[in-house]
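Enquirer: here is my input; please provide its structure:
(one chain, ligands or ions: 1)
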Amino acid sequence: MKFSKTNLDSVIIVEPDVFGDHRGWFMETYNESNFLKAGISVKFVQDNQSFSAAKGTLRGLHYQLNPKAQTKLVRCTRGSIFDVAVDIRKGSPTYGNWFGVELSAENHKQLLVPKGFAHGFMTLTEDVEVQYKVDELYAPECDRGILWNDPTIGIEWPIDVEPILSEKDQKAPLLKNADNNFNYGA
Ligand SMILES: Cc1cn([C@H]2C[C@H](O)[C@@H](COP(=O)(O)OP(=O)(O)O[C@H]3O[C@H](C)C(=O)[C@H](O)[C@H]3O)O2)c(=O)[nH]c1=O
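Expert: Presented below is the predicted three-dimensional model:
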């Protein structure tokens, strides 16, 4: 299992070891001991899965406020997505900066999105399944969003068509107007 840093501290790309043979392949998709050895201490309590039928579906940018903030370990098990994390910790040297990476059933890559970061993805194919582990239970009262194309963040989404969005995501606020109780270093 390989852990790679990104331009955002604590946002990590995780690449499991894949064991192929004549039947196909096997991989450990999560291993607590490997994460602890990599200095990542997290206790996941919920697994999520979503299906998006159309290419260009965009889910995000989402996060849960403290005290229900979530660390997420995201992977794509069918098709392909462009997965994005945005630093929304006030006072962070990378506040408002984003990182994106292609996660796919093919490349087996995962993205660790820590508390204090908004998360979203755009599907790059049809019939996409995304699975992710979170370390806090769903708390709708703490569920918040930021507008996917907030110009102050400037995410370079890879498909230049109008994305398919939920009503909630269409109405999400800009980062500067979003509820935010994340402070860098807190
Ligand atoms: C997140 C969540 C949702 N739900 C229910 C609430 C709604 O009735 C329905 C769809 O929820 P939502 O539209 O928020 O789903 P997504 O747009 O896929 O949002 C998720 O996708 C983005 C990329 C994220 O990072 C978040 O984890 C999460 O917000 O599932 C639950 O019952 N439990 C949950 O943990």
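
Enquirer: let me know the pLDDT of the residue sitting furthest away from the middle of the chain.
Expert: Using Cα atoms, centre = their mean, the residue of the chain lying farthest from its centre is His22. It sits 32.9 Å away. At His22, the model reports a pLDDT of 98.

Enquirer: also Val161?
Expert: So Val161 comes in at 79 (pLDDT).

Enquirer: residue boundaries of the strands in this structure?
Expert: 2-5, 12-15, 18-21, 24-27, 46-52, 58-64, 72-78, 80-87, 98-104, 110-113, 117-123, 128-134, 143-145 (DSSP state E).

Enquirer: and the residue farthest from the centre of the chain, what are its phi and psi?
Expert: phi -60, psi -20 (degrees, to the nearest 10).

Enquirer: possible to save the strands of the chain as TSV with distance to Tyr184 and mean neighbour count?
Expert: In this view, the C-beta of every residue, glycine as well, is placed from N, C-alpha and C. Listed next are these as TSV, based on distance: least, Cβ to Cβ, whole Å; neighbours: other Cβ atoms under 10 Å:
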stretch	distance to Tyr184	mean neighbour count
strand 2-5	17	12
strand 12-15	18	19
strand 18-21	36	10
strand 24-27	34	10
strand 46-52	26	13
strand 58-64	15	23
strand 72-78	19	21
strand 80-87	8	25
strand 98-104	16	20
strand 110-113	16	25
strand 117-123	12	26
strand 128-134	22	20
strand 143-145	18	17
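
Enquirer: in JSON lines, list the ones you listed along with distance to Lys168.
Expert: Converted to JSON lines, the strands of the chain look like this (distance: least, Cβ to Cβ, whole Å):
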{"stretch": "strand 2-5", "distance to Lys168": "32"}
{"stretch": "strand 12-15", "distance to Lys168": "28"}
{"stretch": "strand 18-21", "distance to Lys168": "36"}
{"stretch": "strand 24-27", "distance to Lys168": "34"}
{"stretch": "strand 46-52", "distance to Lys168": "14"}
{"stretch": "strand 58-64", "distance to Lys168": "9"}
{"stretch": "strand 72-78", "distance to Lys168": "18"}
{"stretch": "strand 80-87", "distance to Lys168": "17"}
{"stretch": "strand 98-104", "distance to Lys168": "20"}
{"stretch": "strand 110-113", "distance to Lys168": "19"}
{"stretch": "strand 117-123", "distance to Lys168": "12"}
{"stretch": "strand 128-134", "distance to Lys168": "17"}
{"stretch": "strand 143-145", "distance to Lys168": "6"}
